[in-house]
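Trainee: Would you be able to build a 3D model of this:
(one chain, ligands or ions: 1)
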Amino acid sequence: MLIRPPNDILSSEITPHEVYRERRRFMQGMGVLAAGAALGVAADVEAGVRLAGVRGSAYTLNEAKTPYKSVTTYNNFYEFGTGKSDPAENAGGLNTRPWTVAVEGEVNKPGVYDMDMLLKLAPLEERVYRMRCVEGWSMVIPWVGFPLHELIRRANPTGNARYVEFVTLHDPGQMPGQRSRVLDWPYVEGLRMDEAMNPLTLLAVGLYGEVLPNQNGAPIRLVVPWKYGFKSAKSIVRIRFVEKQPLTAWMKATPSEYGFYSNVNPQVDHPRWSQARERRIGEFFKRDTLMFNGYGAQVAQMYRGMDLKRYF
Ligand code: MTE
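Mentor: Below is the predicted model:
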């Protein structure tokens, strides 16, 4: 995000999901992927394994889904490098088991949840969401996860909880990008309490019906579809309920460019990127960006009366 992205990937590079899966099945047959087991990676948590019991939801879109290959090879995850292909190339070594998420701060029921508890916390749903990156590209991704409010309800916040802070793993041994100072690690993001409670806000554990690939934020990441992609923190280890607005990693890095709210807004440009239009990955022509990324009916009321140029 501090760095200008290269041109979008060519549509000729995009492999339909089924072709990709076939190739994977073939490699599995050849025993190539069995190497993961030898390294101690449990088979049922490996990226690409189908998640059981995922149900459909009302959150679907009448828009073409971005192919699996693009969703998993064109990423921003600075812990693994700043290039779009770096996360897919470098995140393979991230060990996502055991993994715990600490829920703490202004809550009556703090706790440490391990991934197996989180996977059973609420029914897993598929939700197809439009995702818009501040750099001007967008995707349509079928996520698998559960609404964040399910976790919040169990944590039972105190009256002082006005914001929620999300913290990514800090482990330069596993995340080589953290050895560079491109951001002040760990990656921190935040939401206002009502945003966190909004039914659209998802904790994702998978995509395309399968366990989340590491480069997409395994084993658990936030998905906030009406905000720019950087609000959707990956590989979360801590969720903290606080009274004061969290200082996010991007606000710390470049306060003039990144505000706390970061709602998709075609009328408020980023200093380096117009936000009026966007390129859907895999498409040639740009399309108009929608206010709140098209989710205004569900979220606009949270910002009524706010000057969205000031609170960008
Ligand atoms: N989370 C962490 N921890 N580190 C990051 O660099 N990048 C953000 C967001 N979450 C980022 C992160 C940005 S800029 C975007 S656009 C989305 O992740 C990209 O998510 P995706 O790769 O699954 O599309």
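Trainee: give me phi/psi at the residue in the stretch 101-250 of the chain positioned nearest to the ligand?
Mentor: Nearest to the ligand in the stretch 101-250 of the chain, going by Cβ to the nearest ligand atom, is G229, at a distance of 2.6 Å. Quick note: C-beta positions are derived from backbone N, CA and C, even for glycine. The phi/psi pair for G229 (degrees, to the nearest 10) reads phi -50, psi -30.
Trainee: What separation do you get for it and R55?
Mentor: Distance check for G229 against R55: by Cβ to Cβ, to the nearest Å, it reads 26 Å.
Trainee: could you list every residue that touches T72?
Mentor: Taking Cβ atoms under 8 Å, 6 or more residues apart in numbering, we find T72 in contact with A88, L207, P213, Q215, N216.
Trainee: Pull up the gap between it and P213, please.
Mentor: Separation of T72 from P213 (Cβ to Cβ) stands at 5 Å.
Trainee: Let me see the contact set for the residue of the stretch 101-250 of the chain closest to the ligand.
Mentor: N76, M131, R132, C133, V134.
Trainee: Where does pLDDT dip in this protein?
Mentor: 1-44 (pLDDT under 70).
Trainee: Touching both of T72 and P213, which residues are there?
Mentor: Joint contacts of T72 and P213 (Cβ under 8 Å, 6+ apart) are A88, L207.
Trainee: Can you name the residues of the stretch 151-300 of the chain that neighbour the ligand?
Mentor: Listed as neighbours of the ligand in the stretch 151-300 of the chain under the rule Cβ under 6 Å from any ligand atom: T168, Y187, N216, G217, G229, F230, S232, A233, K234, S235.
Trainee: What's the ChimeraX syntax to select whichever of these are buried?
Mentor: Only the buried entries of these go into this ChimeraX selection, using 16 or more other Cβ atoms under 10 Å:
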select :168,187,216,217,229,230,232,233,234,235
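Trainee: Adding secondary structure, write the residues of the stretch 151-300 of the chain next to the ligand out as a markdown table.
Mentor: Compiled in a markdown table, these are given as follows (DSSP: H, G, I helix; E, B strand; the rest coil):
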| residue | secondary structure |
| --- | --- |
| T168 | strand |
| Y187 | coil |
| N216 | helix |
| G217 | coil |
| G229 | helix |
| F230 | helix |
| S232 | coil |
| A233 | coil |
| K234 | coil |
| S235 | coil |
